[in-house]
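Engineer: sequence below, structure please.
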Amino acid sequence: MKKLKVLFFGAGVLGSLYAARFKEAGMDVSLVARGKRVEELREKGIVLQDFKTGERTTTRVRVMDGMPEKEYFDVCIVMIQRTHLADALKDLAKNKKIPTFLFMQNTTTGPEEMVEALGRDRVMMGHCNAGGEREDHVVHYMIAAEMPLGELNGEKTERLKRLAEAFKAAGFKNYFSKNIDSWKRYHVALAVPFALAMYNNDSCNYKMAENREDCRRAWRGIKEAFRVLRDRGFPVEPPKFRLIFAMPEFLVLPLFQRVLKSKVADIGMARHLRNAGEEMGLLAEEFFAIVDRSGVSTPVLNDLRSNQDPSLRAISC
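Structural biologist: Next up is the predicted model:
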């Protein structure tokens, strides 16, 4: 595989993790960071600690304090929260030489905002298969299942294959999504009811695991959210999510509670929610705008929405 020249935009948990792994895989990596994170990375490098094994590594990458406007990169991988997208697009649009921008953030509104800023041919979408949190300069992380990557038109292009190979070489298993826009929307439809129920339990997965009623409400809210998207014309993606409509509740809830009691749920779900309250608030607002335009009855979602503190509490357990 030809050595890729990659620009990572965003140096939070995920941007740091992916940039370090790409660098260790032999790729030419640059990382755009902000504020004190710039000097922190230049002084100490990207320090990663595996949540499961405790193994700690340090990787040095080229760190930049702003978007390079005239330098060519094969791809810019955008690792930011949804709340930062509008401002980021103004910076990303300054570089006319980059042919591909891969956006990894959550979204309920589709790719049009990115397309308008950069052009349809330059935009791709994917979703991270990792999570974690940063304590001082150390990124604690875990890597989960396969991640989706996709062209907006669903085609399996050469650049998509090349990026998939790069992610695989860096240790991130992936697959091609034929409808990445729907994939991203269904991910939010899964996350919003769960997040609202979790916030009702002080963002504590262990506390929610003991609250069978909120587990039930989260599950029923997810099913309602999926029906809303189907009503609005979005096919279920990935296809395995269709099983959600068929799985009996009495089987799902014990499994759901067991997962919530795990360390994986702690770092992959609860800690993320505690660190991303503002983003989840915006995603919930955008998703409920879709709900309100649909003809689907959503009593559980409405209940979760009405009982939620507008500040989306992020209390550690």
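Engineer: quick check: residue 240 vs residue 152, distance?
Structural biologist: Taking Cβ to Cβ, to the nearest Å as the measure, residue 240 falls 22 Å from residue 152. Quick note: C-beta positions are derived from backbone N, CA and C, even for glycine.
Engineer: with residue 227 instead?
Structural biologist: 25 Å.
Engineer: ok now stretch 282-297, how far from the chain's centre?
Structural biologist: 20 Å (Cα atoms, centre = their mean, to the nearest Å).
Engineer: how about stretch 242-262?
Structural biologist: Relative to its parent chain, stretch 242-262 has a centroid offset of 22 Å by Cα atoms, centre = their mean.
Engineer: end-to-end on it?
Structural biologist: One end of stretch 242-262 sits 25 Å from the other (Cα to Cα, to the nearest Å).
Engineer: helix or strand: which one has the residue lying farthest from the centre of the chain?
Structural biologist: Taking Cα atoms, centre = their mean, the residue of the chain most remote from its mean C-alpha position is residue 250, at 29.4 Å. In the assignment (DSSP states H and E), residue 250 maps to helix 249-260.
Engineer: which other helices and strands does that helix contact?
Structural biologist: helix 205-209, helix 212-231 (3 or more Cβ pairs under 8 Å, 6 or more residues apart in numbering; DSSP states H and E).
Engineer: in TSV: the ones you listed, plus distance to residue 49 and mean pLDDT.
Structural biologist: Shown next, in TSV, are those (distance: least, Cβ to Cβ, whole Å; pLDDT from 0 to 100):
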stretch	distance to residue 49	mean pLDDT
helix 205-209	20	94
helix 212-231	30	96
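Engineer: beyond the helix or strand containing residue 117, next helix or strand please.
Structural biologist: Per DSSP H and E, residue 117 falls inside helix 112-118. Sequence order places strand 123-126 as the next helix or strand after helix 112-118, per DSSP H and E.
Engineer: sorry, back to before: for residue 126, find the nearest of the helices and strands packed on helix 249-260.
Structural biologist: The closest of the helices and strands packed on helix 249-260 to residue 126 is helix 212-231. By Cβ to Cβ, the value is 19.3 Å.
Engineer: contact partners of that closest one?
Structural biologist: If you take Cβ atoms under 8 Å, 6 or more residues apart in numbering as the criterion, helix 212-231 is touched by 182, 185-186, 189-190, 192-194, 196-198, 200-201, 208-209, 236, 241, 244-245, 249, 252-253, 256-257, 260, 287, 290-291, 294-301, 303-304.
Engineer: in terms of secondary structure, what does the helix holding residue 117 contact?
Structural biologist: Packing partners of helix 112-118 (3+ Cβ pairs under 8 Å, 6+ apart): helix 85-92, strand 101-103.
Engineer: what do you get if the cut-off is 7 Å, keeping everything else the same?
Structural biologist: Packing contacts for helix 112-118, counted by 3 or more Cβ pairs under 7 Å, 6 or more residues apart in numbering; DSSP states H and E, involve helix 85-92.
Engineer: which parts of the helix it packs on are buried?
Structural biologist: By neighbour count on 16 or more other Cβ atoms under 10 Å, the buried set for helix 85-92 is 85, 88-89, 92.
Engineer: output the helix or strand of the chain with the lowest mean pLDDT as PDB - backbone C-alpha positions only.
Structural biologist: Sorting the helices and strands of the chain by mean pLDDT, DSSP states H and E puts helix 271-275 at the bottom, at a mean of 79. Coordinates of each C-alpha in helix 271-275 appear next as PDB, following Å, rounded to 0.1, in the frame of the first residue of the first chain:
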ATOM      1  CA  ARG A 271     -17.600   8.300  30.400                       C
ATOM      2  CA  HIS A 272     -18.400   9.500  26.900                       C
ATOM      3  CA  LEU A 273     -21.800  10.800  27.900                       C
ATOM      4  CA  ARG A 274     -20.300  12.600  30.900                       C
ATOM      5  CA  ASN A 275     -17.800  14.300  28.600                       C
END
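Engineer: what number of residues lie near the closest residue to residue 68 other than its chain neighbours?
Structural biologist: Distances taken as Cβ to Cβ, 6 or more residues apart in numbering put residue 95 closest to residue 68, at 6.4 Å, once the chain neighbours are dropped. Number of residues near residue 95 (other Cβ atoms under 10 Å) recorded here: 19.
Engineer: kindly report the same for residue 292.
Structural biologist: Residue 292 is flanked by 10 other residues according to other Cβ under 10 Å.
Engineer: SS state for it?
Structural biologist: helix (DSSP: H, G, I helix; E, B strand; the rest coil).
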